[in-house]
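K.L.:
The following comprises the amino acid sequence and a computationally predicted model.
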Amino acid sequence: MITLYYDNSCILCTTNAITMQQKAPNKITIIPKDDAIDLLAKYNITELDIMTYVVVQDEFGQMHKGMNAVRLLYKTANIPFHSLLYFPIIKQISNVIYPIIAKNRYRTPKWLIRLIYGRVANSCENGVCHIDPKLRANIKENQAENK
């Protein structure tokens, strides 16, 4: 059993989380970031981290972030192409591309999410999900103060 912590303010993240759990309900638990901030802090994973990267906790309690978390998640959900993500050239390319996609995920249009997943978890204003830049700035400020 793995646990996927996801940014529930992101429609792409929410749709991905729900889809992965539906593909492997006995293997994947999903927890929105809003319900896991204190727990994740014990692993030195900040709110900004969870709002930036996919975070997965494996069955041994180890945390995985970013593309490593995506690989584990897709392997656990038995996504047909998951083994391709481990090929050296694809692994390198995905490690470069993932941060770009993660940074821009709030701009993902609903039609693209529907194309990828076959549905959209919830609706966003004007067909695009985004986070208020002020909220993101406040999180960064809070983290800087806590250091």
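P.N.:
Happy to help now that I have it. Numbers count the residues shown, from 1 in each chain.
K.L.:
Quick check: phi and psi on Tyr6?
P.N.:
Phi and psi for Tyr6, reported as degrees, to the nearest 10, are phi -130, psi 160.
K.L.:
isn't it right next to Thr29, touching?
P.N.:
No - the criterion here is Cβ atoms under 8 Å, and Tyr6 misses it with Thr29 at 11.1 Å. (Glycine included, C-beta is placed from N, CA and C.)
K.L.:
Those two - which one has more neighbours?
P.N.:
Counted by other Cβ atoms under 10 Å, Tyr6 and Thr29 do not tie: Tyr6 has more neighbours, with 26 against 14.
K.L.:
which residues touch that one?
P.N.:
By Cβ atoms under 8 Å, 6 or more residues apart in numbering, the contact set of Tyr6 is Cys13, Thr14, Asn16, Ala17, Ile30, Ile31, Pro32, Lys33, Ile50, Val54, Val55.
K.L.:
mind running it again at 7 Å?
P.N.:
Applying Cβ atoms under 7 Å, 6 or more residues apart in numbering to Tyr6 gives the contacts Cys13, Thr14, Ala17, Ile30, Pro32, Lys33, Val54.
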